[in-house]
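Novice: Take this sequence and fold it.
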Amino acid sequence: MKKANLPTSVSIETTATAPTEDLDSRWQRVVERRSFLKGIGMAGAALSAGTLLASEGRAQSSSGERELSKGDIALLQFALWAELVESDLWTQYAELGGVGPSGGGAAQASEEFQGFIGGNPAYALALQNLDGDMPQYITDNTDDELSHSAFLTAFLKSRGVVPVDLEPFRRLPSSQATGARQIKRITNLMNLNVDMSWYTRYRSGKNPDLGAAFKGPFVITNQPAIPLNDTDTPPATNPTVPITGRDAERIQAIANTAGFHFAFIEQGGASLYPTLAFKATDPTVLRILVSIGGVEIDHFGLWHDKGANAVSQPLAGVVDPVTGLTFPDLNNPATELTQTNKILPEPCNFISKSLPRCSVIRPTSTQQGGAVATVKAFTDDGLFIGQSAAFLQLSMQLAVAADSVERGF
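Specialist: Below is the predicted model of the structure:
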């Protein structure tokens, strides 16, 4: 794949001041440790160490604080990339299914995006079948991600660093359904392959960091998580339980997919932030990564609970009349790996199989839960269908830079 020119507003800085030949050697080790990159088809996997680790100049502090290391900058740049991606996808969910202008009252008036959320009543009703508070939760999750990206951008600027800017990559189409703004997007929510392995993993006593592999309880492929157009949400659609009729089943299947996609996205953040924090040198950078990461974990716990409602009674059994996707009853029969109310992480192997099992976030290894793994998972999810080669190259470049960081003390 031919290398594409990256936006000039992006500064890529990583960890080392070692000679080029040492960096080249480290780069080769990174690639070898991540053999799954060979098939990913991204130009970033072929970048040289000289290109990867180059910077546009040393970051100079404008606030009297000490200068950030290249490694800490790389960690924050990738965290910002992830938050910009999340902000884009969550804004699409909020536009269609969040709390609308008339639904939140005075307490909702301060939301930054209040003027364009909650615009698709049928979709919102289907989401509320998962939980009556879903529109509020979607609104709040969106607000959180927007705050994360705004903060990381401002913090990097305050330390003299040019932050990642994904605005040049707004090129994907919006949903045509009522409520969706007709603007260009960074992410695609209309052809998703939702990896459900997290559902089984968190109910298991095994850990992917120690070699365990997991399959989800069922498969979601090429499925929309937002209505494509008003054919998916006719004005008379009323998805009340029990779900019957073609139109009600279609919008409920879309909402169910969204519920599981919410959890998929946030379990990625729950794993990513610890892997980044392990590498941080500056105490403030460590504080940022741990503090934002804690909120991502909170999000995952919430969505793990709500998504499971789609595969328990009375919603279980819905079939998408367009794609044929069936949402089974995972309580019939209930097992250790399927029971829908087992949403807290089971104790699992941790650090060593010779130690007692411990309830932890997993994975938290760089290989399984780091930046490169995040880009690969989001790509496999279908989030970037239709994106440019330059976007994929930049994403992988930022990811490899973050995963290459070694703690400075």
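Novice: part of a helix, is His127?
Specialist: That one is not His; residue 127 is Leu. Yes. Counting by DSSP: H, G, I helix; E, B strand; the rest coil, Leu127 is located in a helix.
Novice: residue contacts, it?
Specialist: By Cβ atoms under 8 Å, 6 or more residues apart in numbering, the contact set of Leu127 is 97, 134-135, 138, 255, 258-259. All C-beta spots, glycine's among them, are computed from the backbone N, C-alpha and C.
Novice: can you tell me which of those are in helices?
Specialist: 97, 134-135, 138, 255, 258-259 (DSSP state H).
Novice: Just the buried ones from the contacts of Leu127?
Specialist: Those of those that meet the buried threshold are 97, 134-135, 138, 255, 258-259, by 16 or more other Cβ atoms under 10 Å.
Novice: Out of those residues, which two sit at the greatest distance?
Specialist: Greatest spacing in the buried ones among the contacts of Leu127, by Cβ to Cβ: Pro135 and Gly259 (12.8 Å).
Novice: For the ones in helices among the contacts of Leu127, give me CSV that also has distance to Ala401 and pLDDT.
Specialist: Below are the ones in helices among the contacts of Leu127 laid out as CSV (distance: Cβ to Cβ, whole Å; pLDDT from 0 to 100):
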residue, distance to Ala401, pLDDT
Gly97, 35, 94
Met134, 37, 95
Pro135, 38, 92
Ile138, 32, 94
Ala255, 37, 98
Ala258, 32, 98
Gly259, 34, 97
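Novice: and those residues as CSV, adding distance to Gly301?
Specialist: CSV is the format used below for the ones in helices among the contacts of Leu127 (distance: Cβ to Cβ, whole Å):
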residue, distance to Gly301
Gly97, 20
Met134, 15
Pro135, 19
Ile138, 15
Ala255, 20
Ala258, 17
Gly259, 14
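Novice: Out of the residues you listed, which is nearest to Trp198?
Specialist: Nearest to Trp198, judged by Cβ to Cβ, of those is Gly259 at 13.0 Å.
Novice: Please give me every residue in contact with the closest residue to the closest one other than its chain neighbours.
Specialist: Of all residues not flanking Gly259 in the chain, Gly307 sits nearest, at 4.0 Å (Cβ to Cβ, 6 or more residues apart in numbering). Residues counted as contacts of Gly307 (Cβ under 8 Å, 6+ apart) are 130, 199, 256, 259-260, 262-263.
Novice: do Asp381 as well
Specialist: 192-195, 261, 264.
Novice: now do Thr275
Specialist: 364-366, 369-371.
Novice: and those, which of them are in helices?
Specialist: In this view, the contacts of Thr275 that belong to helices under DSSP H are 366, 369, 371.
Novice: Let's have these in a markdown table, adding pLDDT.
Specialist: Output for the ones in helices among the contacts of Thr275, formatted as a markdown table (pLDDT from 0 to 100):
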| residue | pLDDT |
| --- | --- |
| Thr366 | 96 |
| Gly369 | 97 |
| Ala371 | 98 |
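Novice: which among the buried ones among the contacts of Leu127 gets closest to Gly160?
Specialist: Ile138 (35.8 Å).
Novice: I am assuming the closest one contacts Trp90, so please confirm or correct that.
Specialist: Yes. If you go by Cβ atoms under 8 Å, Ile138 and Trp90 touch, sitting 7.4 Å apart.
Novice: Quick one: the strands in this protein, in order.
Specialist: 192-194, 220-223 (DSSP state E).
Novice: among the ones you listed, which is nearest Gly294?
Specialist: strand 192-194 (24.4 Å).
Novice: Each with direction, which strands does that closest one pair with?
Specialist: The strands beside strand 192-194 in its sheet (DSSP bridges) come out as strand 220-223 (antiparallel).
Novice: Work out the gap between stretch 241-251 and the centre of the chain.
Specialist: Relative to the centre of its chain, stretch 241-251 is centred 29 Å away, using Cα atoms, centre = their mean, to the nearest Å.
Novice: Now the terminal residues of that stretch, how far apart.
Specialist: 13 Å (Cα to Cα, to the nearest Å).
Novice: what sits up against that stretch?
Specialist: Outside stretch 241-251, the residues touching it (Cβ under 8 Å, 6+ apart) are 122-123, 126, 129, 227, 232-234, 236-240, 252, 314-315, 318-322.
Novice: Over to stretch 169-185?
Specialist: 88, 92, 95-96, 116, 118-120, 123, 186-190, 226-230, 232-233, 385-388, 390-391.
Novice: which residues in this protein form helices?
Specialist: Along the chain, the segments classed as helices by DSSP H run 20-33, 49-52, 70-97, 105-108, 121-128, 134-158, 197-201, 246-277, 283-308, 366-369, 371-381, 389-403.
Novice: show me where pLDDT drops low in the protein?
Specialist: Low-confidence segments of the chain (pLDDT under 70): 1-65, 100-118, 408-409.
Novice: Repeat the analysis, applying 90 as the threshold.
Specialist: 1-67, 99-119, 233-238, 407-409 (pLDDT under 90).
Novice: Nearest spatial neighbour of the residue nearest the centre of it, chain-adjacent residues omitted?
Specialist: A centroid search over the chain (Cα atoms, centre = their mean) returns Ile265, at 3.5 Å, as the residue closest to the centre. Distance criterion Cβ to Cβ, 6+ apart; nearest residue to Ile265, sequence neighbours excluded, is Glu86 at 6.5 Å.
Novice: okay, now that neighbour: neighbour count?
Specialist: Residues contacting Glu86 under the criterion other Cβ atoms under 10 Å number 25.
Novice: The one 4 residues further on too?
Specialist: Trp90 is flanked by 25 other residues according to other Cβ under 10 Å.
Novice: Surely it and Asp140 touch.
Specialist: No. The criterion here is Cβ under 8 Å, and Trp90 misses it with Asp140 at 10.0 Å.
Novice: just to revisit the earlier point, can you give me the distance of the residue nearest to Ile265 to Phe262?
Specialist: 11 Å (Cβ to Cβ, to the nearest Å).
Novice: and if you look at Arg185?
Specialist: Noted for Arg185: a distance of 17 Å to Phe262, by Cβ to Cβ.
Novice: In terms of neighbours, single out the busier of these two.
Specialist: Higher neighbour count among Arg185 and Phe262: Phe262, with 28 against 22, using other Cβ under 10 Å.
Novice: Excluding chain neighbours, give the residue nearest to the more buried one in space.
Specialist: Per Cβ to Cβ, 6+ apart, closest to Phe262 is Trp303, 3.9 Å.
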